[in-house]
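Participant: requesting a structural model of the entry that follows:
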Amino acid sequence: MTERVRIGLIGAGFAAHFHLASYGKVWGEDFEVTAIAGRSPAKAKQLADRFSISRCHESFEALLGDPDLDAVDICVPNHLHIPLIVQAAAQGKHIICEKPLGGFFGPPAADDGWSADGFPRESMLGNVVAEMARVSEAIQRAGVTFCYGENWIYAPPVVKVGRLMAASQSTILRIEGEESHSGSHSAAALRWRTAGGGSLVRLCVHPIGAALQLKREEGLRRDGRPIRPVAVSCQVARLTAIESFRAEPRKHVVDGWQDVEDFATITVTFDDGSVAQLTSTDTRLGGIRNTLTAHGSRAVATANINPNTTCQAYTPDGAYFEDEYIVEKIETKEGWTFPAPDEDAVTGYPEELRDFVGAIAHRREPRSGLSIAMDTLLVVYAGYLSAEQGKSVDLRPYLEANP
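Facilitator: Alright, predicted model coming up:
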């Protein structure tokens with residue numbers, strides 16, 4: 001019989017809130033979120049009170065040093081992920097980390113005003129590869145379980161697509177995917193210094209991670225080895241810099257992007273010759289578009305995470321729905337909408353956390369672990385290099401660092 005898994009949450013913002021809400025829907029595992037620490041003690045206290053968390057630590061370091069915790073759940077801005085992962089591993093804590101694994105946020109001597117404009121992407125990619133090796137070494141040395149928070153891998157529509165490909169014994173020839181919406185609510189997303197990039201690293205990591213997992217599982221079930229990405233071609237743009245958009249007096253999408261892109265499209269080539277075509281943008285009105293299609297040799301299947309038609313509603317006046325949640329990122333509640341009956345469940349968060357708690361409790365690998373986290377980050381930063389150079393980037397020399 002396994003002992004209860006005691007989890008400490010690092011962070012008190014948007015991601016921390018939806019993780020805590022999703023923990024309440026996890027079944028079949030013995031666990032408890034017993035501590036929290038946030039950069040804002042007041043926000044941490046509010047979450048602790050709301051979700052009945054017994055202890056608030058005064059700092060991240062104090063939480064990491066808590067001997068009564070078995071695992072930490074890292075829900076902080078991207079640039080803090082890898083330092084906290086390394087510190088948590090050194091403390092012998094199992095790790096749950098929100099996407100992405102990490103990134104490049106400027107050279108060590110850069111001040112807060114550093115801009116990524118003109119900075120060589122090859123240097124960024126080299127730094128990220130070195131950081132991934134650092135993380136891998138720290139986790140292996142400590143012997144802890146690492147869980148990568150890519151919810152698309154667990155989203156029921158995407159899981160069903162994978163099962164249909166497996167049932168039909170299809171070769172997945174092509175994957176199409178997109179995550180897009182009208183822009184981040186966080187000011188940190190506007191700058192490379194705090195976000196590590198734009199829509200490619202913030203949004204496209206979701207369809208990238210899901211596509212990599214579908215091909216990985218296809219290879220394992222057919223040949224006993226994962227199918228992995230070997231080349232990347234990418235284009236990025238800042239669509240909100242278009243002159244006519246700049247002249248518009250009223251904006252309905254997030255503006256103010258500084259040195260990051262608000263559009264990216266990437267083509268990933270796998271070692272079996274198949275491809276994935278994936279897109280992300282911060283300029284889409286009408287709520288989030290989360291979709292993935294697998295074109296197999298014997299079947300085709302599409303996962304519509306958002307929007308979906310499980311519930312549809314109409315009202316001539318959005319004020320009638322003022323106190324009722326509809327769906328994330330929607331600009332108006334008037335007219336026809338697609339309310340989410342249980343957005344957390346459809347996007348995969350409860351099942352993701354259930355797998356993570358079970359992996360920690362039973363000392364097994366999670367479905368979404370370090371390997372998929374590292375391959376996703378490699379694809380993203382090779383994508384930035386491809387966009388800069390205007391040509392495809394060969395991933396094979398870098399894969400040796402992540403066998």
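Participant: pLDDT below threshold where in the stretch 301-403 of the chain?
Facilitator: Along the stretch 301-403 of the chain, segments meeting pLDDT under 70 span 401-403.
Participant: which residues in it form strands?
Facilitator: Ranges of strands in the stretch 301-403 of the chain, per DSSP state E, counting those that start in this stretch, are 313-315, 335-337, 393-394.
Participant: tell me which of these sits most buried.
Facilitator: Of all the strands of the stretch 301-403 of the chain, strand 393-394 has the most neighbours on average by mean count of other CB atoms under 10 Å, namely a mean of 18. C-betas here are computed from N, CA, C, even on glycine.
Participant: hang on, the earlier thing: so which of the strands of the stretch 301-403 of the chain is nearest residue 193?
Facilitator: Proximity to residue 193, assessed across the strands of the stretch 301-403 of the chain by CB to CB, is greatest for strand 393-394 (23.8 Å).
Participant: quick one: the closest one to chain centroid distance?
Facilitator: 23 Å (CA atoms, centre = their mean, to the nearest Å).
Participant: hmm, who's touching it?
Facilitator: The contact list for strand 393-394, computed with CB atoms under 8 Å, 6 or more residues apart in numbering, reads 230, 231, 232, 233, 382, 383, 385, 386.
Participant: go with 6 Å
Facilitator: 231, 232, 382, 385, 386 (CB atoms under 6 Å, 6 or more residues apart in numbering).
Participant: swap in stretch 172-192?
Facilitator: 77, 116, 165, 194-195, 203, 206-207, 211, 218, 253-254, 256-260, 274-282, 284-285, 288-296, 329.
Participant: need the strands of the stretch 301-403 of the chain in TSV (columns: distance to residue 60).
Facilitator: Output for the strands of the stretch 301-403 of the chain, formatted as TSV (distance: least, CB to CB, whole Å):
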stretch	distance to residue 60
strand 313-315	42
strand 335-337	39
strand 393-394	35
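Participant: for residue 93, which of those strands is the nearest?
Facilitator: For those, the distance to residue 93 is smallest for strand 393-394, at 34.9 Å, taking CB to CB.
Participant: list the neighbouring strands of that closest one plus their orientation.
Facilitator: strand 229-237 (antiparallel) (DSSP bridges).
Participant: so what's the gap between the helix or strand following the strand it pairs with and the chain middle?
Facilitator: Note on strand 229-237: by DSSP states H and E, the next helix or strand toward the C-terminus is helix 243-247. With CA atoms, centre = their mean as the basis, helix 243-247 stands 31 Å off its chain's centre.
Participant: out of the contacts of stretch 172-192, list just those in helices.
Facilitator: Using DSSP state H, 165, 194, 195, 206, 207, 211, 218 are the members of these that sit in helices.
Participant: can you give me the distance of the second one to residue 39?
Facilitator: Distance of residue 194 to residue 39, computed by CB to CB, to the nearest Å: 13 Å.
Participant: more crowded one of the two?
Facilitator: residue 194 (18 against 15; other CB atoms under 10 Å).
Participant: now do the same contact list for the more buried one.
Facilitator: Shown in contact with residue 194 (CB under 6 Å, 6+ apart): 77, 79, 188.
Participant: can those go into JSON lines with extra columns for neighbour count, pLDDT and distance to residue 105?
Facilitator: Output for these, formatted as JSON lines (neighbours: other CB atoms under 10 Å; pLDDT from 0 to 100; distance: CB to CB, whole Å):
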{"residue": "77", "neighbour count": "18", "pLDDT": "91", "distance to residue 105": "9"}
{"residue": "79", "neighbour count": "18", "pLDDT": "93", "distance to residue 105": "4"}
{"residue": "188", "neighbour count": "15", "pLDDT": "89", "distance to residue 105": "10"}
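Participant: my understanding was that residue 277 contacts residue 267; is that so?
Facilitator: Yes. In this structure residue 277 lies within contact range of residue 267 using CB atoms under 6 Å: 5.3 Å.
Participant: show me what the strand or helix carrying residue 133 is packed against.
Facilitator: Secondary structure assignment for residue 133, by DSSP H and E: helix 121-142. Helix 121-142 sits against helix 81-90, helix 370-389, with contacts defined as 3 or more CB pairs under 6 Å, 6 or more residues apart in numbering; DSSP states H and E.
Participant: quick one: the strands in the stretch 1-150 of the chain?
Facilitator: So, for the stretch 1-150 of the chain - with DSSP E, counting those that start in this stretch - the strands run 5-10, 31-37, 55-56, 71-74, 94-98, 146-149.
Participant: want to throw these into JSON lines with distance to residue 390?
Facilitator: Shown next, in JSON lines, are those (distance: least, CB to CB, whole Å):
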{"stretch": "strand 5-10", "distance to residue 390": "39"}
{"stretch": "strand 31-37", "distance to residue 390": "44"}
{"stretch": "strand 55-56", "distance to residue 390": "50"}
{"stretch": "strand 71-74", "distance to residue 390": "35"}
{"stretch": "strand 94-98", "distance to residue 390": "32"}
{"stretch": "strand 146-149", "distance to residue 390": "31"}
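Participant: how about TSV for those strands, with distance to residue 399 and mean pLDDT added?
Facilitator: TSV is the format used below for those (distance: least, CB to CB, whole Å; pLDDT from 0 to 100):
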stretch	distance to residue 399	mean pLDDT
strand 5-10	30	98
strand 31-37	35	97
strand 55-56	42	96
strand 71-74	25	98
strand 94-98	21	98
strand 146-149	18	98
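Participant: switch these over to TSV; also include mean neighbour count and distance to residue 120.
Facilitator: Shown next, in TSV, are the strands of the stretch 1-150 of the chain (neighbours: other CB atoms under 10 Å; distance: least, CB to CB, whole Å):
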stretch	mean neighbour count	distance to residue 120
strand 5-10	25	32
strand 31-37	22	36
strand 55-56	17	42
strand 71-74	26	29
strand 94-98	26	27
strand 146-149	26	28
